[in-house]
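K.L.:
Structure for this input, please:
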Amino acid sequence: MQGQELHAGSKTFMAFGGGSRLCVGANFAKLQMAIFIHHMVTKYRWSVIKGEDIVRRPAMIFPNRLHIEISEKQKC
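P.N.:
The predicted model follows:
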C-alpha cells in the first residue's frame, strides 16, 4: 500500500474487539490461554540462561532479551 508503513502497529487495535462488537470466542480463547499457561508452569521447570536485566514500567521490559531453558519436571 502506497503512503502507509506496512509494519506499523495499530494504536487502536483491541485483541477481542470492544464495545458492542465483541468477539464471540473471546472467553474461550482466554480459557485456552489460561490452561496452556497452567500446564507450562506446573509441568515444566524454567531456568534463566541469560538476560536478567528487567526494566519495570507499566509493563516489564527485558532490554537484553530473556533467554530461558524449559525442561520437563521430574516425576516423583
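K.L.:
alpha carbons only for contacts and neighbour counts from here, please
P.N.:
Will do.
K.L.:
Run a quick neighbour tally on Glu69.
P.N.:
By other Cα atoms under 10 Å, 11 other residues sit near Glu69.
K.L.:
do Tyr44 as well
P.N.:
Neighbour number of Tyr44 under other Cα under 10 Å is 15.
K.L.:
and if you look at Arg21?
P.N.:
Neighbours around Arg21, by other Cα under 10 Å: 8.
K.L.:
again, but for the one 3 residues further on
P.N.:
For Val24, the tally of surrounding residues (other Cα under 10 Å) stands at 10.
K.L.:
Phi first, then psi, for Ile54.
P.N.:
phi -130, psi 130 (degrees, to the nearest 10).
K.L.:
Offset the numbering so it begins at 10, please.
P.N.:
With 10 as the first residue, the last one maps to Ile63.
K.L.:
Quick check on the closest residue to it other than its chain neighbours: phi, psi?
P.N.:
Using Cα to Cα, 6 or more residues apart in numbering and skipping the chain neighbours, the partner closest in space to Ile63 is Phe71 (5.0 Å). Backbone torsions for Phe71, taken as degrees, to the nearest 10, come to phi -110, psi 100.
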